[in-house]
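[1] just a sequence and a predicted model for now, questions to come.
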Amino acid sequence: MAPPSRASSAESTVPAGTGAASGGAAPAGAGAASGGAAPAGTGAASGGAAPAGAAAASGGAAPAGAGARPAWPWNDGPASPWIGGRFVAGAGATIEDRSPATGALLAEVQLADAGQVDEAVAAATAAQREWARRSIRERAELIEQLADRLLERNEDFGLTDARDTGSPLTAMRNGARKGALYLKQLAGAALELQGRTVPASTGGWHVVKPEPYGVVGAIAAFNHPTLYACLKSGPALIAGNAVVLKPAEQAPLTALLFASLTDGLLPPGLLAVLPAAAEASAAITTHRDVQRISFTGSVEVALKIQEGIARAGRIKSVSLELGGKNPILVFPDADLDEAAAAVVRGMNYTRVQGQSCGSTSRLLAHESLVAPLTERILERVEKIAIGMPEDPATEMGSLISHAHRERVLGFVARAVAAGGELLAGGTPPEDPALAAGAFLKPTVIGGVRPDMELAAEEVYGPVLAIMSWREEAEAIELANATEYGLTASIWTRDLSRALRTADALATGYIWVNDVETRYTGVPFGGWKQSGVGTEQGLLADIMQATRPKAINIAVS
């Protein structure tokens with residue numbers, strides 16, 4: 001799902017390489033922010049509602065508009081790991097974090113090495129013992145306060161994510177806000193976590209109680225950095241765990257900023273944030289004292305994680321939110337205008353440039369609808385405004401790197417060579433102002449056959465494949481034909497058909513006459529190669545971060 005570094009291709013969130021700059025093709029152009037990150041050993045902020053603001057750069061503490069500098073806590077030095085409640089010097093390589101839209105230097109980032117993983121886990125283990133003794137009410141109240149701090153700094157987080165990912169500021173600002181509201185809703189659901197008694201015998205009491213794992217290792221994707229920091233840490237912390245979070249190497253800054261918000265609020269060491277490359281990432285997933293792993297990324301990297309755990313001789317609880325080649329099925333009775341709008345929205349051309357595991361990137365339309373539906377789709381695609389992330393008019397920003405854009409273009413070229421028809425996009429935009437960035441026009445390819453690569457493989461970019469079918473059974477067969485099973489969207493006025501189709505799909509998250517929206521409280525997760533476990537289910541998320549303990553009491 002997320003390219004492992006700005007110079008690589010697959011969507012892993014455990015970077016496979018050292019992951020330096022933005023793919024090499026983008027110049028380190030004008031507008032670069034000089035200073036990157038966190039000076040070693042400087043504590044975080046003072047613990048107020050907006051803690052990281054003391055060391056603001058010359059641009060001022062509030063990033064009110066385009067070109068303003070966020071109030072990062074590391075403006076006088078490189079960004080670095082957060083361990084034991086403070087920023088410390090990274091013992092690994094130092095990389096440049098550059099904007100994929102401009103090539104501008106955002107920060108130098110000191111990576112953690114495997115030895116610092118041990119330090120972080122040791123600090124987390126010590127902090128977790130005291131944290132788990134607190135009531136779940138107290139833990140939830142503190143996480144709600146963390147959410148308040150995030151809301152107060154929403155503009156900083158949104159702007160930083162926009163620059164780090166190339167996605168539109170409007171989308172990243174909204175993503176940061178969603179993360180904060182998720183934490184608040186999560187805190188509200190916390191008291192629903194309860195044990196139970198089981199009437200298993202007449203001669204005793206049988207109690208089952210949820211208990212934390214201890215230390216949870218969390219590895220996040222690049223496409224929604226702030227949101228993932230919340231999704232990965234919130235449930236585990238409320239459940240009584242400590243968290244060692246590794247953000248995506250391509251976009252690590254807001255995870256570090258998020259960590260600084262915990263200063264003076266959460267016990268030092270309870271949350272560690274480690275920007276890291278592959279070796280240190282593996283040290284997290286295989287560590288003997290990390291009992292649970294929560295990973296969002298590619299199938300390829302998920303398999304490496306599981307192989308590494310097995311080689312280390314460990315058994316761990318694992319949640320995997322992986323890729324998708326998701327269908328949107330349009331039946332003959334569907335409203336074509338509504339369906340066309342849904343196809344464009346579900347493809348996620350806007351917000352994240354198709355770089356989302358949940359994107360409905362396969363249009364499966366009844367053969368009678370292909371021509372009129374395609375016409376309506378192309379009309380909408382042509383109107384999408386491509387531009388710089390901070391421009392309020394921008395609907396579609398840049399891909400995460402030039403290397404990833406080349407990977408996406410490779411899918412397009414192979415699809416056309418195999419007989420697909422390039423109907424829109426497939427090239428960078430002509431605007432010279434965008435030439436330095438990893439921009440790509442929204443792409444539509446028609447005439448895709450089931451035996452083509454584009455029908456089965458996740459592109460993780462703005463490429464829609466159009467396929468046709470004649471009978472309902474064929475549509476369902478096509479929808480289920482990939483190894484993925486993450487999302488699907490069904491468009492029909494016939495409720496019986498909608499329910500019949502939904503029941504037949506081997507998919508974890510399905511919309512009927514809707515698309516793209518993830519509803520908080522409804523668990524999101526995939527079947528087959530799309531993963532194990534769910535997210536955004538509130539109480540379900542907290543429960544996944546616990547393990548049951550059964551206590552049998554004999555009563556004489």
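    That came in fine, so what should we check first? Residues are numbered from 1 along each chain as shown.

[2] where does pLDDT dip in the stretch 101-250 of the chain?
    Across the stretch 101-250 of the chain, nothing is flagged by pLDDT under 70.

[3] now do the strands in it.
    Using DSSP state E, counting those that start in this stretch, the strands of the stretch 101-250 of the chain run over 105-110, 196-197, 204-212, 215-219, 242-246.

[4] which strands or helices does the third one pack on?
    With contacts defined as 3 or more Cβ pairs under 8 Å, 6 or more residues apart in numbering; DSSP states H and E, the packing partners of strand 204-212 are helix 114-133, strand 196-197, strand 546-554. The C-beta positions use only the backbone N, C-alpha and C, and glycine is treated the same way.

[5] G234 versus the residue positioned nearest the centre of the chain, what's the distance?
    Taking Cα atoms, centre = their mean, the centroid of the chain lies closest to A221, which sits 4.1 Å from it. A221 is 16 Å from G234, where distance means Cβ to Cβ, to the nearest Å.

[6] could you do G537 as well?
    12 Å.

[7] looking at the two, which has the bigger crowd around it?
    Ranked by neighbour count (other Cβ atoms under 10 Å), G537 and G234 place G234 first, with 28 against 21.

[8] wait, that one sits on L183?
    Yes - using Cβ atoms under 8 Å, G234 is in contact with L183, at 4.9 Å.

[9] quick check: neighbours shared by the two?
    By Cβ atoms under 8 Å, 6 or more residues apart in numbering, G234 and L183 have these common neighbours: I143.

[10] what's the spacing between the residue nearest to the centre of the chain and K184?
    22 Å.

[11] what about A302, distance to T487?
    18 Å.

[12] ok, now P225?
    For P225 relative to T487 (Cβ to Cβ), the value is 21 Å.

[13] do the same with S359
    Look at S359 and T487: by Cβ to Cβ, they are 8 Å apart.

[14] same drill for those two, tell me which one is more crowded.
    Neighbour count, other Cβ under 10 Å: between S359 and T487, S359 has more, with 31 against 28.

[15] contacting residues around that one?
    With Cβ under 8 Å, 6+ apart as the criterion, the residues that contact S359 are G324, N326, G346, M347, N348.

[16] cutoff 6 Å now
    Contacts for S359 (Cβ atoms under 6 Å, 6 or more residues apart in numbering) come out as M347, N348.

[17] and it, how far from Y213?
    From S359 to Y213 the distance is 32 Å (Cβ to Cβ).

[18] with L271 instead?
    For L271, the distance to Y213 - Cβ to Cβ - is 15 Å.

[19] between these two, who's got more neighbours?
    Remark: of L271 and Y213, L271 carries more neighbours, 30 against 22, as counted by other Cβ under 10 Å.

[20] tell me the bridge partners for the more buried one.
    V243 (DSSP bridges).

[21] I'd say A504 and E477 touch.
    No - using Cβ atoms under 6 Å as the test, A504 is too far from E477 to be in contact (9.3 Å).

[22] what's the spacing between the closest residue to T226 other than its chain neighbours and S398?
    Nearest residue to T226 in three dimensions, chain neighbours excluded: A176, at 4.1 Å (Cβ to Cβ, 6 or more residues apart in numbering). Here A176 is placed at a distance of 19 Å from S398 (Cβ to Cβ).

[23] count of neighbours near the residue nearest to G179 when sequence neighbours are not counted?
    The spatially closest residue to G179, leaving aside those adjacent along the chain, is C230, at 3.5 Å (Cβ to Cβ, 6+ apart). Neighbourhood size, C230 [other Cβ under 10 Å]: 26.

[24] show the contacting residues for C230.
    Contact partners of C230, counting by Cβ under 6 Å, 6+ apart, are G179, Y182, L183.

[25] could you redo the last one with a cut-off of 10 Å?
    Contacts for C230 (Cβ atoms under 10 Å, 6 or more residues apart in numbering) come out as 143, 146-147, 150, 175-176, 178-184, 186, 220, 224, 258.

[26] what does P275 give?
    If you count contacts by Cβ under 10 Å, 6+ apart, P275 has them with 15, 19, 37, 79-82, 90, 92, 95, 97, 109-112, 245-249, 251-253, 255-256.

[27] cool, and A340?
    By Cβ under 10 Å, 6+ apart, the contact set of A340 is 330, 334, 363, 369, 372-381, 491.

[28] how deep is the closest residue to E382 other than its chain neighbours tucked in, by neighbour count?
    The shortest distance from E382 to any non-neighbouring residue, by Cβ to Cβ, 6+ apart, is to A424 (7.0 Å). Neighbour count of A424, defined by other Cβ under 10 Å: 18.
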